[in-house]
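Novice: With the input below, show me the fold.
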Amino acid sequence: MKDKNYLFVCVENAGRSKMAEAFAKKLGMNAQSAGTLPSVSVNPVVMEAMREKGIDMSDSKPTMLHDSMINWADLVIVMGCSLQEACPAPLLAALQKKIVDWNLPDPKGKPIEEVRRIRDMIEKNVLELARKNPE
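Specialist: Residues are numbered from 1 along each chain as shown. Next up, the predicted model:
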């Protein structure tokens with residue numbers, strides 16, 4: 001059976017989608033992440049919260065969403081949109097790609113305690129995704 005490919009998408013690709021990609025890869029899943037308006041760097045508070053889980057994201061860089069990524073993915077997961085004009089969900093729906101919206105709060109500008117809560121929700125969602133879609 002072919003391994004499934006997962007694409008995690010948000011606006012800046014600096015927080016939620018990066019955490020989801022990191023957790024998925026830690027579980028051995030084929031995963032990428034991207035953003036519609038990628039930031040210059042990954043949120044440092046997100047990197048700190050992930051270090052607490054034993055995941056080093058110091059080499060991770062935000063990536064622009066490309067058609068090839070969408071074509072590669074069997075399932076696209078969007079994180080929820082704080083910037084409606086840059087939200088990836090309508091674009092992906094227009095491409096008739098199977099998408100799921102996790103509708104998570106954006107960690108940008110939030111204190112570490114809130115970022116940990118978001119991180120833990122993402123980890124739970126990725127674990128559930130792995131359980132429901134074994135490769």
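
Novice: Could you find the residue nearest the spatial middle of the protein?
Specialist: Computing the C-alpha centroid of the chain and ranking residues by Cα atoms, centre = their mean puts residue 17 first, at 1.8 Å.

Novice: In contact with that residue, which residues?
Specialist: With contacts taken as Cβ atoms under 8 Å, 6 or more residues apart in numbering, residue 17 has the following neighbours: 8-10, 33-35, 79. (Glycine included, C-beta is placed from N, CA and C.)

Novice: helix/strand/coil for it?
Specialist: Look at residue 17: counting by DSSP: H, G, I helix; E, B strand; the rest coil, its state is helix.

Novice: And it, what's its pLDDT?
Specialist: The score at residue 17 is 97. That number is its pLDDT.

Novice: now do the one 3 residues further on
Specialist: The predicted local distance difference test score for residue 20 is 98.

Novice: I'd guess it is in a helix, am I close?
Specialist: Yes. Counting by three-state DSSP, residue 20 falls inside a helix.

Novice: Was I right to think it contacts residue 79?
Specialist: Yes. Counting by Cβ atoms under 8 Å, a contact exists between residue 20 and residue 79, whose distance comes to 7.2 Å.

Novice: so what sits against both of those two?
Specialist: Joint contacts of residue 20 and residue 79 (Cβ under 8 Å, 6+ apart) are 8, 102.

Novice: Between the two, which has more neighbouring residues?
Specialist: For residue 20 and residue 79, the more surrounded residue by other Cβ atoms under 10 Å is residue 79, and the numbers stand at 30 against 27.

Novice: Residue 3 versus the more buried one, what's the distance?
Specialist: For residue 79, the distance to residue 3 (Cβ to Cβ, to the nearest Å) stands at 23 Å.

Novice: can you check residue 15 too?
Specialist: Counting by Cβ to Cβ, the gap from residue 15 to residue 3 is 26 Å.
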